[in-house]
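*Asks:* any chance you can model this:
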Amino acid sequence: MSKVVVGMSGGVDSSVAAYLLKEQGYDVIGVTMQIWQEEDACSVEENGGCCGLSAVEDARRVAAALGIPYYVMNFRKEFKENVIDYFTEEYLNGRTPNPCIACNRYVKWEALLNRSMAIGADYIATGHYARIDKLPNGRYALRRSATPAKDQTYALYNLTQDQLARTLMPVGAYAKDEIRSIAEKIGLVVADKPDSQDICFVPDGDYASFIEDSVREKTGRELPTGNFVTPDGRILGRHKGIVHYTVGQRKGLGLALGYPAFVLEIRPKTDEVVIGTYEESLTHTVRANRVNFMSVEDLMEPRRVFAKIRYNHKGAWCTVEKTGKDEIVCHFEDPQRAVTPGQAVVLYDGEYVLGGGTII
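*Replies:* The predicted structure follows:
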């Protein structure tokens, strides 16, 4: 009997994933990853989401109901280094990262997989809405979820072949309402629990204050304010600090220019935020590095693919080509707005993830 460690967040998706795998005959172990940084139980409880103590209690109750062993594993160090520190550093460098992508690759997979293999597991499993197939060319690739509206392949494009080979994602074959009805049918306490939305370590959604507090705590200094400027350098006004802005942003700029203004660029070296028109915010070209190919080993020639440039982007057609050992360029057929450095561009070949990279 194959042994599988299921990452249980206390939510309905990972809870049903554990149930489905047990029904399929796997020897299932439930694990919640302790990634919160506070020692104080009250502040941890307030965090909620997939980080809080309530997640542990819900996961423990589900594991007891399913009759599977359950453990809490400490991944604070890995989470701080690979997610929180990375998130802060990227913002300070004028980029807008997706911390869930980093967490998936380096914590939920790399760290959990290593720890699970060490205790004799054959696989790890999660409640993500995605599927994994082994293709005729011998490579493993993510396949879009059976429910397009819930598809989470974008945030998982960075997984390696070894990680995919050792991962099970049973929820990807179901619609969300089917998952909830399974949970209800078997009497799980989390059947109606709402999905967590925000970045778990910034539960109030105020990323800028989180970064400012982190820098203040670490260095004792305040982050500088700076100028809003036009692309040719004309000063339009003062801003609160570059961590308050992201490329493509329109609201909250506090500028009255007589036309809709958009953030075009963030310049960390001069603390400038470049402002322009809607037309200036459009581009046909997206460059990316830190490339990870999935359904193919490498990209040998230009290829027409469907691509997403952020998690909630509906996607668009482009031709992608390799321009360096670790760089790709996507030429979009229609102009794209708010191409944001630090986000990922993820490439799809039909239902499968071809690969992706970090937008530069």
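*Asks:* if we ignore the residues flanking it in sequence, what's nearest residue 271?
*Replies:* Counting by C-beta to C-beta, 6 or more residues apart in numbering, residue 226 is the residue found nearest to residue 271 once chain neighbours are left out, at 3.2 Å. To be clear about C-beta, it is placed using only N, CA and C from the backbone, and glycine gets the same treatment.
*Asks:* got phi/psi on the one you found?
*Replies:* The phi and psi torsions at residue 226 (degrees, to the nearest 10) take the values phi -170, psi -170.
*Asks:* residue contacts, it?
*Replies:* Applying C-beta atoms under 8 Å, 6 or more residues apart in numbering to residue 226 gives the contacts 238-239, 241-242, 270-273.
*Asks:* rerun at 7 Å
*Replies:* The neighbourhood of residue 226, defined by C-beta atoms under 7 Å, 6 or more residues apart in numbering, consists of 239, 242, 271-273.
*Asks:* would a markdown table of the residues you listed with secondary structure and pLDDT be doable?
*Replies:* As requested, the contacts of residue 226 are arranged in a markdown table below (DSSP: H, G, I helix; E, B strand; the rest coil; pLDDT from 0 to 100):
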| residue | secondary structure | pLDDT |
| --- | --- | --- |
| 239 | strand | 97 |
| 242 | helix | 97 |
| 271 | coil | 97 |
| 272 | strand | 98 |
| 273 | strand | 98 |
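*Asks:* between the residues you listed, which has the most around it?
*Replies:* With neighbours defined as other C-beta atoms under 10 Å, the most crowded of those is residue 273; it has 28 neighbours.
*Asks:* could the contacts of residue 226 go into CSV alongside distance to residue 147?
*Replies:* Formatted as CSV, the entries for those read as follows, by distance: C-beta to C-beta, whole Å:
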residue, distance to residue 147
239, 40
242, 37
271, 43
272, 43
273, 38
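*Asks:* of those residues, closest to residue 174?
*Replies:* Using C-beta to C-beta, residue 242 comes nearest to residue 174 of these, at 42.1 Å.
*Asks:* my guess is that closest one contacts residue 265. True?
*Replies:* No: with contacts counted by C-beta atoms under 7 Å, residue 242 stays clear of residue 265, the gap being 10.5 Å.
*Asks:* give me the number of residues near residue 300?
*Replies:* Counted by other C-beta under 10 Å, the residues lying close to residue 300 total 9.
*Asks:* for it, helix, strand, or coil?
*Replies:* Using DSSP: H, G, I helix; E, B strand; the rest coil, the three-state assignment for residue 300 comes out as coil.
*Asks:* ok, it - contacts?
*Replies:* Not one residue lies near residue 300 by C-beta under 7 Å, 6+ apart.
*Asks:* let's see the pLDDT reported for it.
*Replies:* Here, the pLDDT recorded for residue 300 equals 94.
*Asks:* before we move on, what about residue 191?
*Replies:* You'll see residue 191 listed with a pLDDT of 89.
*Asks:* before we move on, what about residue 44?
*Replies:* With respect to pLDDT, residue 44 has a value of 44.
*Asks:* ok, now residue 55?
*Replies:* Residue 55 carries a pLDDT value of 84.
*Asks:* cool, and residue 201?
*Replies:* pLDDT, residue 201: 85.
*Asks:* that one reaches residue 86, doesn't it?
*Replies:* No: the pair formed by residue 201 and residue 86 falls short of the contact definition of C-beta under 7 Å, at 11.6 Å.
*Asks:* so which of those two has more stuff around it?
*Replies:* Remark: of residue 201 and residue 86, residue 201 carries more neighbours, 20 against 17, as counted by other C-beta under 10 Å.
*Asks:* so that one: helix, strand or coil?
*Replies:* When classified by three-state DSSP, residue 201 comes out as coil.
*Asks:* do you know how far it is from residue 96?
*Replies:* Remark: distance between residue 201 and residue 96 (C-beta to C-beta, to the nearest Å) = 16 Å.
*Asks:* now swap in residue 261 and tell me
*Replies:* 18 Å.
*Asks:* residue 357 now?
*Replies:* As defined by C-beta to C-beta, residue 357 lies at a distance of 15 Å from residue 96.
*Asks:* thought residue 359 was touching residue 346?
*Replies:* No: in this structure, residue 359 is not within contact of residue 346 by C-beta under 7 Å, at 10.4 Å.
*Asks:* neighbour-wise, which of those two wins?
*Replies:* When residue 359 is set against residue 346 and neighbours are counted by other C-beta under 10 Å, the residue ahead is residue 346, at 30 against 22.
*Asks:* contacts only, for the residue lying closest to the more buried one once chain neighbours are set aside.
*Replies:* The shortest distance from residue 346 to any residue that is not its chain neighbour, by C-beta to C-beta, 6+ apart, is 3.9 Å, and that residue is residue 356. Residue 356 makes contacts with 157, 292, 344-347, as judged by C-beta under 7 Å, 6+ apart.
*Asks:* could you dump those to JSON lines with distance to residue 115?
*Replies:* Output for the contacts of residue 356, formatted as JSON lines (distance: C-beta to C-beta, whole Å):
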{"residue": "157", "distance to residue 115": "23"}
{"residue": "292", "distance to residue 115": "22"}
{"residue": "344", "distance to residue 115": "26"}
{"residue": "345", "distance to residue 115": "31"}
{"residue": "346", "distance to residue 115": "27"}
{"residue": "347", "distance to residue 115": "31"}
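*Asks:* out of these, which is nearest to residue 210?
*Replies:* Of all the contacts of residue 356, the one sitting nearest residue 210 is residue 344; the distance, using C-beta to C-beta, is 21.1 Å.
*Asks:* which residues are in contact with the closest one?
*Replies:* Each residue near residue 344 by C-beta under 7 Å, 6+ apart is listed here: 98, 101, 157, 356-359.
*Asks:* so which of the residues you listed sit within helices?
*Replies:* Where the contacts of residue 344 overlap with helices, as defined by DSSP state H, the overlap consists of residue 101.
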